[in-house]
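*Asks:* got a structure for you, letters missing:
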């Protein structure tokens, strides 16, 4: 079964900071790599996904960077806001999604 | 548009009782997934269905757990008998064929189960 290793487990930044969350995969032979965002009391929701044939994708303040040789993906949040405080998951794709352990992000005002 | 609908949102029961969690996927979606979320183990995939057929139930923890999908608009996850270690938030999620292309699953708001 595809494994994903996510780090760090938790992260605290000040408003305006740039939190970075990393994810390592065993197998990169897939069509996309997604990040999910989960707020307390809610289900996870797709935040942004990247295809392995590109090295970076930006959507608003969220950026995914893909390092194929290192088999790693990173999520960067530019100009972070308190409203970004949530748990973030990377996931291994395919016919089913296997999620990383999650990173609890807290953005302090 | 209605999203994935789960019921009950909260369930408190005593050890040994039967628990049934329900899910209505988004209309038109042909894949349905049950996940369990705990602090210790994170988000675990329990089972998933494609076109109402169970494809992979390797994540079901033991025989006390069972899941059914009698039609495209309804699924149940049953625990019998329940144990305190089953306490968790159980999520149902659905997707169309596009999961393999976009990685997008649509999650319900979860059923929080507490077994005393």
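*Replies:* Structure's in. What do you need? Owing to the predicted nature of the structure, the values given are computational and were not obtained by experimental measurement.

*Asks:* mind listing the residues bridging to the closest residue to residue B:9 other than its chain neighbours?
*Replies:* Beyond its immediate neighbours in the sequence, the residue positioned closest to residue B:9 (CB to CB, 6 or more residues apart in numbering or on different chains) is residue B:111, lying 6.2 Å away. Where you see a C-beta, it was placed from the backbone N, CA and C, and this is true even at glycine. Listed by DSSP bridges, the beta-bridge partners for residue B:111 are residue B:90.

*Asks:* contacts only, for residue B:111.
*Replies:* Residues counted as contacts of residue B:111 (CB atoms under 8 Å, 6 or more residues apart in numbering or on different chains) are B:6, B:7, B:8, B:9, B:10, B:11, B:21, B:89, B:90, B:91.

*Asks:* which residues in the chain form strands?
*Replies:* I went with chain A, as the question did not name one. A:4-7, A:10-14, A:20-25, A:33-38, A:45-50, A:56-59, A:62-67, A:72-77, A:86-92, A:98-99, A:103-108 (DSSP state E).

*Asks:* look at chain B instead
*Replies:* Under the criterion DSSP E, chain B carries strands at the ranges B:5-7, B:10-13, B:19-24, B:31-38, B:42-50, B:53-56, B:65-71, B:74-79, B:88-95, B:106-107, B:111-115.

*Asks:* out of the ones you listed, which is closest to residue A:40?
*Replies:* Distance to residue A:40, taken as CB to CB, is lowest for strand B:88-95 among those, at 10.8 Å.

*Asks:* packing partners for the closest one?
*Replies:* The helices and strands touching strand B:88-95, judged by 3 or more CB pairs under 8 Å, 6 or more residues apart in numbering or on different chains; DSSP states H and E, are strand B:5-7, strand B:19-24, strand B:31-38, strand B:74-79, strand B:106-107, strand B:111-115.

*Asks:* tilt between it and strand B:19-24?
*Replies:* 30 degrees (axes from the mean of the first three to the mean of the last three CA atoms, to 10 degrees).

*Asks:* and strand B:88-95, how far from the chain's centre?
*Replies:* Taking CA atoms, centre = their mean, to the nearest Å, the mean C-alpha location of strand B:88-95 is offset from the chain mean by 4 Å.

*Asks:* tally of neighbours for residue A:108?
*Replies:* Applying other CB atoms under 10 Å in any protein chain shown, we find 11 other residues in the vicinity of residue A:108.

*Asks:* against chain A, how distant is the spatially most central residue of chain B?
*Replies:* Central residue of chain B (CA atoms, centre = their mean): residue B:34, 2.9 Å from the mean position. Between residue B:34 and chain A the distance is 11 Å, computed by CB to the nearest CB, to the nearest Å.

*Asks:* the closest residue to chain A within chain B pairs with what?
*Replies:* Each residue of chain B has a distance to chain A, by CB to the nearest CB, and the smallest belongs to residue B:107, at 2.9 Å. In this structure, residue B:107 bridges to residue B:93 when assessed by DSSP bridges.

*Asks:* thank you kindly, that will do.
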